[in-house]
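Enquirer: Requesting a structural model of the entry that follows:
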Amino acid sequence: MIYRKGEGERTWYRTDRCFRVGEDWYIATREGKDIGPFKSRVTAERSAERLIAILREDRKDVDNYTRKLVLEGIWADTNFA
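Expert: You can find the predicted model right below:
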């Protein structure tokens, strides 16, 4: 990988998925879809952990429902967050 002058390799952590826009917090996904807004960073981080846990489950009904919530942008508005 090529780095800019003066930069070295960076280690990425899951918490880097959370970012703030104004007063609201969001989660960046690998699919390029931002999920949110959340009221706090803690809420966003917990929601990210819950989302990852659900997506790792091997149940098609839960998986499809969760993916639909994420893709329609309503994950943050549900009780799952």
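Enquirer: hey, let's count contacts and neighbours off CA atoms from now on
Expert: Fine.
Enquirer: tell me how far the ends of stretch 28-35 are from each other?
Expert: In stretch 28-35, first residue to last residue: 7 Å (C-alpha to C-alpha, to the nearest Å).
Enquirer: Give the rounded mean pLDDT of it.
Expert: Averaging pLDDT along stretch 28-35 yields 79.
Enquirer: Can you mark which positions in it are buried?
Expert: The neighbour-count check on stretch 28-35 (16 or more other C-alpha atoms under 10 Å) flags 28, 34, 35 as buried.
Enquirer: what comes up buried for the longest helix anywhere in the chain?
Expert: The longest helix of the chain (DSSP state H) is helix 41-56. If you call a residue buried by 16+ other C-alpha under 10 Å, then helix 41-56 has these buried ones: 41, 43, 44, 45, 47, 48, 51, 54, 55.
Enquirer: which secondary structure elements does the helix or strand harbouring residue 20 contact?
Expert: Using DSSP states H and E, residue 20 maps to strand 18-21. On a contact count with 3 or more C-alpha pairs under 8 Å, 6 or more residues apart in numbering; DSSP states H and E, strand 18-21 meets strand 24-28, helix 41-56.
Enquirer: Can you show me the CA trace of stretch 36-55 as PDB?
Expert: The C-alpha trace of stretch 36-55 is given here as PDB (Å, rounded to 0.1, in the frame of the first residue of the first chain):
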ATOM      1  CA  GLY A  36     -28.200   6.800  11.900                       C
ATOM      2  CA  PRO A  37     -28.700   9.300  13.300                       C
ATOM      3  CA  PHE A  38     -28.100   8.300  16.900                       C
ATOM      4  CA  LYS A  39     -28.200  10.600  19.900                       C
ATOM      5  CA  SER A  40     -24.800   9.600  21.300                       C
ATOM      6  CA  ARG A  41     -21.600   7.800  20.300                       C
ATOM      7  CA  VAL A  42     -22.300   5.200  22.900                       C
ATOM      8  CA  THR A  43     -25.700   4.400  21.400                       C
ATOM      9  CA  ALA A  44     -24.100   4.300  17.900                       C
ATOM     10  CA  GLU A  45     -21.400   1.900  19.100                       C
ATOM     11  CA  ARG A  46     -23.900  -0.400  20.800                       C
ATOM     12  CA  SER A  47     -26.100  -0.400  17.800                       C
ATOM     13  CA  ALA A  48     -23.100  -1.300  15.600                       C
ATOM     14  CA  GLU A  49     -22.300  -4.300  17.900                       C
ATOM     15  CA  ARG A  50     -25.900  -5.400  17.900                       C
ATOM     16  CA  LEU A  51     -26.100  -5.100  14.100                       C
ATOM     17  CA  ILE A  52     -22.900  -7.200  13.600                       C
ATOM     18  CA  ALA A  53     -24.200  -9.800  16.000                       C
ATOM     19  CA  ILE A  54     -27.500 -10.100  14.200                       C
ATOM     20  CA  LEU A  55     -25.900 -10.200  10.700                       C
END
